[in-house]
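> pasting a predicted model and its sequence here:
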Amino acid sequence: MTSSSNAPRPWYKQFWPWFLIGIPFASIVYSMFMIYFALTSQNELVNDEYYKDGLAINMNISKDMKAAELGIQAKVSSDSGINEIQVHLMEMPPEQYSDIALSLEHPTLAKLDYRTTLLPLDKQTFIAEIPEKFEGKRYITLTSEAGGWQLKGVIAFPSDTPVVLVSQFQ
């Protein structure tokens, strides 16, 4: 006569088969979640024209070097109470004061980027009105297409302290 206590338990009552079945099941659930996430969110960090951007880096360096050669510096300030940005250009030849463009780029979301042309207040001070109050970090670029120079920097909004932009090659 055999004892029923020595008989093995059925497979579905044991731990290890369910653990081994759970691994592929968890992978399937995780894959479904990742597919849903990939389809419902926009990835704006990927650039479709990466080859063109790679070739354009030499042009960008030449603009920075031109700013260093001319000794151009800018002090950028924004008043948290009003929607405007003031740019004061220091040590710049007067012939370089035309067509200065301002670009404020969000680090990850292209739809939050803002570009405009600066309006002169006096010889060295320019102003740009912004349609909304910005929050967070932005990459700032001042460019003069006529002068062939550009200055780059980082600014955080809201900020009452001015940011000084100088060429990276000084």
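Yep, it's here.
> please make it C-alpha for all contacts and neighbour counts, starting now.
OK.
> where does the closest residue in space to Met65 that isn't next to it in sequence land in three-state SS?
In space, and not counting its chain neighbours, Met65 is closest to Phe169: 6.1 Å by Cα to Cα, 6 or more residues apart in numbering. Classification of Phe169 by DSSP: H, G, I helix; E, B strand; the rest coil places it in coil.
> please renumber the chain so that the first residue is 22 from this point on.
Renumbered: residue one is now 22, and that last one reads Phe190.
> domain ranges for this protein?
28-61, 71-187 (automatic domain parsing).
> just put these in a markdown table and tack on mean pLDDT.
Compiled in a markdown table, these are given as follows (pLDDT from 0 to 100):
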| stretch | mean pLDDT |
| --- | --- |
| domain 28-61 | 94 |
| domain 71-187 | 82 |
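> just those: most buried one?
Among the domains of the chain, the stretch with the highest mean neighbour count (mean count of other Cα atoms under 10 Å) is domain 71-187, at a mean of 16.
> in contact with the residue nearest to Met86, which residues?
Asp85, Met86, Ala89 (Cα atoms under 8 Å, 6 or more residues apart in numbering).
> show me these that map onto helices.
Counting by DSSP state H, these place Asp85, Met86, Ala89 in helices.
> strands along this structure, start to end?
Listed in chain order, the strands of the chain (DSSP state E) span 94-99, 105-111, 121-126, 135-138, 140-141, 146-150, 157-165, 170-178, 184-187.
> residue nearest the middle of the protein, spatially speaking?
Pro128 (1.3 Å; Cα atoms, centre = their mean).
> I'd like the distance between it and Val97.
19 Å (Cα to Cα, to the nearest Å).
> kindly report the same for Ala122.
For Ala122 relative to Val97 (Cα to Cα), the value is 13 Å.
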